[in-house]
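Chemist: with the input below, show me the fold.
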Amino acid sequence: MAERIFTLDDLTGVRSVCGCLACHFGAVFAEHLTVLRTGYPGTVTTLGHRGAAPGRTAVPHFLAVHLSDAPVDIVVWEEMRPDQLRAWLPSVDARARVPQLAGRIPRLVRIRQAIRAGTFTPSGPAGDALATGGRYPSFRFLVEHWTTLKKEFTP
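Modeler: Residues are numbered from 1 along each chain as shown. The predicted structure follows:
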């Protein structure tokens, strides 16, 4: 699946709890995820300006937004219950990396930008997934392939 590039026009008619740009894009992305996730338990809940509730996980998502000549990465946060996190990310090892990688947003954005610019192509299954067009460097992709990416990517 190709990465969706959002624009400011996508904000037309969007309602969010807060009027800020980040919350509006969070609401747009929640709608986008709701359409994509079949069989996902419960609804997609964005965090806005609050932290995750006890027992839940804050998961960052990167939105590519066309604001200038090149897409800009914006981070929106989703709150997931344990059953939602398992449904979204089946690998126990990958789920364990979510909090760690959520704290490395700048590095992950640099990896995304390098992949998008063609200056970094990971090897093995990560590179194959990108080459076939079946995947793009989403947060989920980065978490699933972190072992390879952290070894191979040098900024």
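Chemist: apart from its neighbours in sequence, what residue is nearest residue 88?
Modeler: Take residue 88 and drop its neighbours on the chain: the residue closest to it by C-beta to C-beta, 6 or more residues apart in numbering is residue 80, 6.6 Å away. Bear in mind the C-beta positions are built from the backbone N, C-alpha and C, glycine included.
Chemist: so that neighbour makes contact with residue 60?
Modeler: No. Using C-beta atoms under 8 Å, residue 80 is not in contact with residue 60, being 11.3 Å away.
Chemist: neighbour-wise, which of these two wins?
Modeler: residue 80 (23 against 19; other C-beta atoms under 10 Å).
Chemist: who are the contact partners of that one?
Modeler: 45, 56, 57, 59, 88 (C-beta atoms under 8 Å, 6 or more residues apart in numbering).
Chemist: any idea how far residue 25 is from residue 2?
Modeler: 19 Å (C-beta to C-beta, to the nearest Å).
Chemist: who has more neighbours, those two?
Modeler: residue 25 (23 against 8).
Chemist: for the more buried one, what is the enclosing helix or strand?
Modeler: helix 21-36 (DSSP states H and E).
Chemist: tell me what that helix is packed against?
Modeler: Judged by 3 or more C-beta pairs under 8 Å, 6 or more residues apart in numbering; DSSP states H and E, helix 21-36 is in contact with strand 5-6, strand 45-46, strand 57-66, strand 71-80.
Chemist: tell me what the first one is packed against?
Modeler: Going back to what we said before, that points to strand 5-6. helix 21-36, strand 57-66.
Chemist: neighbouring strands for the shortest one, and are they parallel or not?
Modeler: Pairing partners of strand 57-66, with direction, according to DSSP bridges: strand 5-6 (parallel), strand 71-80 (antiparallel).
Chemist: so what touches the first one?
Modeler: Contacts of strand 5-6 from elsewhere in the structure, counted by C-beta under 8 Å, 6+ apart, are 25, 28, 29, 63, 64, 65, 66, 71.
Chemist: rewinding a little: ok, and the most crowded of the contacts of residue 80?
Modeler: Going by other C-beta under 10 Å, residue 59 tops the contacts of residue 80 with 24 neighbours.
Chemist: quick check: it vs residue 137, distance?
Modeler: With C-beta to C-beta as the criterion, residue 59 and residue 137 are 15 Å apart.
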